[in-house]
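K.L.:
3D, please:
(chains A, B, C and D)
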Protein chains: 2
Amino acid sequence: MSRDKLQKLEMLENLSQSLHKYGMRTVLFQQNMAQKMGVVHTDLKTAEILNETGPITAGELSRITGLSSGSVTALIDRLEKTGYVMREKDEEDRRRVMITPIQKRQQQIKDHFVSLAEATKEACSTYNKEELAVILSFVEKVTKIMDHENEKLMVERENGN
Amino acid sequence: MSRDKLQKLEMLENLSQSLHKYGMRTVLFQQNMAQKMGVVHTDLKTAEILNETGPITAGELSRITGLSSGSVTALIDRLEKTGYVMREKDEEDRRRVMITPIQKRQQQIKDHFVSLAEATKEACSTYNKEELAVILSFVEKVTKIMDHENEKLMVERENGN
DNA sequence: AATGGTTATCTTGATAATCGAGATAAAATC
DNA sequence: GATTTTATCTCGATTATCAAGATAACCATT
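P.N.:
Reported below is the predicted structural model:
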């Protein structure tokens, strides 16, 4: 293998490890933030999921979070009580319960992430447009990979470990 | 503001949001993985912390994880029982208990992340060395930011919310 | 329209992770 | 040497989660 190729492999390995470290910090950050907001880690996680997906059913929430149906019911109870979401019966299929995020509360959550977002934008402002385009493509790429890996794990779980 | 500048600001905002989405998926991934491995989310998180820090005291673990001292004791009990760590009395300060990760088990954890790491490296192999250098610098940059934000949250917590 | 089977959510009792306050013991400070 | 602080552990209470079963709506077949 060429010297150039080896160098690149090394960089890829380096990148993979750095990304892993970053991921760990993200997990810690979310947990710290939940604690600051006075909610359980699961609750913040769920609010964030709903923020991205919009209204979904309890079943979908169960699948995404990996919680049992019973836990999801309790989870929704908590989120409803604290005003983050509301239950809405689906008129199409009346067994279904749609979980709808409440805008006002969602905004309050986002406010907590402002500091992080600003720091990120600030730090990345040193990159020029071409570099930013590369970085953005990278983040979107690894996001897709995460989606794929998560899908694999969810399917495994459904087929009984 | 110039048209160019506006475009860049938009890209930065876009990047920040994409990164947030990626973070959410990382959190879900770790939770899914913990479930697959049959351990509590906290336990995997702790094992990963120890993997990076090396041996630390119970107190430091309490600070990093945000758990109470009582919970940390129980946490270490679980990790010790399942062979992930061992307690070691610090001879310098005999109140202290050092938590030392056990290599063999740590490796077993890493094995679970191989699929993700390979997929990441594969996907990023399309970038050339210059691009990879930019991306790597970016990841290291946002990791530092996360460290800083986490430190802020930990200090807030210690000063009673 | 009746039946049986599947799907979606909720209910309930049990388990266990976490908290919080207090106990113990070692170190640091005066 | 006495007091205060620090580090961990112990233990009872709380609560998030699970697992299994109940309920109710949908769907397909007859």
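K.L.:
quick one: secondary structure of A:Met86?
P.N.:
Following DSSP: H, G, I helix; E, B strand; the rest coil, the label given to A:Met86 is strand.
K.L.:
can I assume it is in contact with A:Arg105?
P.N.:
No: A:Met86 lies out of contact with A:Arg105 (CB atoms under 8 Å); the separation is 10.2 Å. For glycine as for every other residue, the C-beta is placed from the backbone atoms N, C-alpha and C.
K.L.:
can you map out the helices along chain A?
P.N.:
A:3-37, A:41-53, A:58-65, A:69-81, A:103-112, A:114-124, A:129-158 (DSSP state H).
K.L.:
please identify the deepest-packed of these.
P.N.:
Mean neighbour count (mean count of other CB atoms under 10 Å in any protein chain shown) peaks for helix A:41-53 among those, with a mean of 19.
K.L.:
any idea of the angle that one forms with helix A:3-37?
P.N.:
Per axes from the mean of the first three to the mean of the last three CA atoms, to 10 degrees, the angle that helix A:41-53 makes with helix A:3-37 is 110 degrees.
K.L.:
is helix A:41-53 anywhere near chain B?
P.N.:
Yes: Helix A:41-53 is in contact with chain B by CB under 8 Å from any CB of the partner chain, via A:41, A:45, A:48-49, A:52.
K.L.:
now do stretch A:84-98
P.N.:
No: Stretch A:84-98 stays clear of chain B (CB under 8 Å from any CB), getting no nearer than 15.9 Å.
K.L.:
pull the CA atoms of that stretch into PDB?
P.N.:
Output in PDB follows, covering the C-alpha atoms of stretch A:84-98 (Å, rounded to 0.1, in the frame of the first residue of the first chain):
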ATOM      1  CA  TYR A  84     -44.600  19.600  26.800                       C
ATOM      2  CA  VAL A  85     -47.100  17.500  24.800                       C
ATOM      3  CA  MET A  86     -50.800  16.800  24.400                       C
ATOM      4  CA  ARG A  87     -52.600  13.600  23.600                       C
ATOM      5  CA  GLU A  88     -54.900  13.600  20.600                       C
ATOM      6  CA  LYS A  89     -57.000  10.700  19.400                       C
ATOM      7  CA  ASP A  90     -56.400   9.900  15.800                       C
ATOM      8  CA  GLU A  91     -59.800  10.000  14.100                       C
ATOM      9  CA  GLU A  92     -58.600   7.800  11.200                       C
ATOM     10  CA  ASP A  93     -57.600   4.900  13.500                       C
ATOM     11  CA  ARG A  94     -59.200   5.400  16.900                       C
ATOM     12  CA  ARG A  95     -56.900   3.000  18.700                       C
ATOM     13  CA  ARG A  96     -54.100   5.400  18.000                       C
ATOM     14  CA  VAL A  97     -53.000   8.200  20.200                       C
ATOM     15  CA  MET A  98     -51.100  11.000  18.600                       C
END
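K.L.:
on that earlier part again, would a markdown table of the helices of chain A with distance to B:Leu28 be doable?
P.N.:
Shown next, in a markdown table, are the helices of chain A (distance: least, CB to CB, whole Å):
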| stretch | distance to B:Leu28 |
| --- | --- |
| helix A:3-37 | 10 |
| helix A:41-53 | 8 |
| helix A:58-65 | 7 |
| helix A:69-81 | 15 |
| helix A:103-112 | 17 |
| helix A:114-124 | 18 |
| helix A:129-158 | 6 |
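K.L.:
could you list the domains of chain A?
P.N.:
Here the domain assignment for chain A is A:1-38, A:40-102, based on automatic domain parsing.
K.L.:
hang on, the earlier thing: which among the residues of helix A:41-53 next to chain B gets closest to DNA strand D?
P.N.:
Nearest to DNA strand D out of the residues of helix A:41-53 next to chain B is A:His41 (CB to the nearest atom of the strand; 6.6 Å).
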